[in-house]
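1. Fold the following, please.
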Amino acid sequence: MPAMLTKDNVISELEQPGALSELLRPEQFAQQGKVAEQLAEAFVNDKTVELKPTQLRKTFHALKEKERKFRDREDADPLGDEDKREIYLLIPQLAYARGRGLIPQTFYELMRVCLSSDKLKTIGDFRRLVAFITAILAYHKYHEKVKGGGR
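-> Numbering: from 1, shown residues only. Have a look, this model is predicted:
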């Protein structure tokens, strides 16, 4: 049975052998209090790992744009070589943002692991990554609002 994912172990757990859709299940990240919310809350409230909404949205939009290309494909379909090349090109963009101090090391490491070739084998693996980032973005917005005193 896989370990319970937390913000402290998610990177090491995702580094284990297996595709992303095997290692990262919605019940581990999507519900309130699970890893997506834990990460989002840390990205909002912890100044050592603060992630600006703009940077998170940039990553989200880049992934969503690529996901749209897979609209007519099944989860079990393998990612093609061209698909993989386009996805892997996100890693240097994230490294650049990290180098400029625009994203925290934790987010860079998380994305580096999630975007690696042994994690993204099928369309379903990529869709799972998009769902994970979507959950982080949603909880990030929630915690920003709570922190700002909004309703």
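
2. how about the nearest residue to the residue nearest the centre of the chain, chain neighbours excluded?
-> Nearest to the mean C-alpha position of the chain, by Cα atoms, centre = their mean, lies residue 133 at 3.9 Å. Nearest residue to residue 133, sequence neighbours excluded (Cβ to Cβ, 6 or more residues apart in numbering): residue 60, at 5.4 Å. Bear in mind the C-beta positions are built from the backbone N, C-alpha and C, glycine included.

3. where are the low-confidence patches of the chain?
-> Scanning the chain for pLDDT under 70 picks out the ranges 1-2, 149-151.

4. Do you have the helices of it handy? List them.
-> Along the chain, the stretches classed as helices by DSSP state H are 10-14, 20-23, 26-29, 35-45, 53-68, 81-88, 90-99, 105-114, 123-147.

5. Tell me which of those helices lies nearest to residue 74.
-> Relative to residue 74, the nearest member of the helices of the chain by Cβ to Cβ is helix 123-147, separated by 6.6 Å.

6. Quote the end-to-end distance of stretch 68-79.
-> One end of stretch 68-79 sits 14 Å from the other (Cα to Cα, to the nearest Å).

7. let's number from 686 now, not from 1
-> Sure, I'll start counting at 686 from here, so that last one is stretch 753-764.

8. Would you mark the buried spots in it?
-> Neighbour-count burial for stretch 753-764, counted by 16 or more other Cβ atoms under 10 Å, picks out 755, 758, 764.

9. Switch the residues you listed over to a markdown table; also include distance to residue 813.
-> Shown next, in a markdown table, are the buried residues of stretch 753-764 (distance: Cβ to Cβ, whole Å):
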| residue | distance to residue 813 |
| --- | --- |
| 755 | 12 |
| 758 | 14 |
| 764 | 12 |
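
10. closest to residue 699 among the residues you listed?
-> Nearest member of the buried residues of stretch 753-764 to residue 699, counting by Cβ to Cβ, is residue 764, at 17.4 Å.

11. Surely that closest one and residue 809 touch.
-> No. Assessed by Cβ atoms under 8 Å, residue 764 is found out of contact with residue 809, at 9.7 Å.

12. Could you pull up the residues touching residue 828?
-> The contact partners of residue 828, by Cβ atoms under 8 Å, 6 or more residues apart in numbering, come to 722, 725-726, 729-730.

13. That concludes my questions; thank you for your assistance.
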